[in-house]
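>>> no sequence for this one, just the structure:
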């Protein structure tokens, strides 16, 4: 008879993912061990293995969870009734807010995807493409001719992601620039430079 799930299965799973992301971010994917993750999650190694069979499964679930929740936050912020520029600003705000307290998850996504099996990478790539597509759709609405003269929509979209994704390297909550401030700064820089492309 199959073992039934504990009532707190999802809460424990989330705690494991947080602990694992912290260990991976500190020690690196190769040096981190299941023993370190179990200690950080305050559980036995045997219980950890009940949830995840190994590091690869943890890395995959950290990235998959991070991207799924990011996509959901972007979808919730998307309002097609707004003018395209305001829609873009709302999406940038949603991403940077979702990144709050998610630096460890973000580092695992940036550094761990290459360690995944091909089928796992495919899942991650599809999630990433869906998120990028949400932004490129709005960017095209701002400038419908963007891909007609030169095929630069992807380059332009990924430039905006560069401003958002690498903020974790320097941005700290409580500093002189708030997360909301930076969302507006990034959007304004992007839109200002975007005008020059036109």
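That came in fine, so what should we check first? Just so it is clear, the model here is predicted, and its values are computed rather than measured. Residues are numbered from 1 along each chain as shown.
>>> So what's the predicted local confidence for the residue nearest to residue 141 when sequence neighbours are not counted?
Take residue 141 and drop its neighbours on the chain: the residue closest to it by Cβ to Cβ, 6 or more residues apart in numbering is residue 84, 3.9 Å away. (C-beta placed from N, C-alpha, C; glycine too.) Reported pLDDT at residue 84 in the predicted model: 96.
>>> for the one 5 residues further on, same thing?
Looking at residue 89, its pLDDT stands at 97.
>>> who touches it in this structure?
Shown in contact with residue 89 (Cβ atoms under 8 Å, 6 or more residues apart in numbering): 183, 184, 187.
>>> List the buried residues in the helix or strand harbouring it.
Element membership for residue 89, per DSSP states H and E: helix 84-98. Residues of helix 84-98 classed as buried: 84, 87, 88, 89, 90, 91, 92, 93, 94, 95, 96, 98 (neighbour count, 16 or more other Cβ atoms under 10 Å).
>>> same question, stretch 154-171
So for stretch 154-171, counting by 16+ other Cβ under 10 Å, buried means 156, 157, 160, 163, 164, 167, 168, 171.
>>> Okay, helices next: where are they in this structure?
9-27, 34-40, 45-51, 55-77, 84-98, 103-112, 118-142, 146-149, 153-165, 179-197 (DSSP state H).
>>> least reliable of these going by mean pLDDT?
Minimum mean pLDDT among those: helix 146-149, a mean of 73.
>>> List the buried residues of that helix.
In helix 146-149, counting by 16+ other Cβ under 10 Å, buried: residue 146.
>>> Before I go, just wanted to say thanks for your time.
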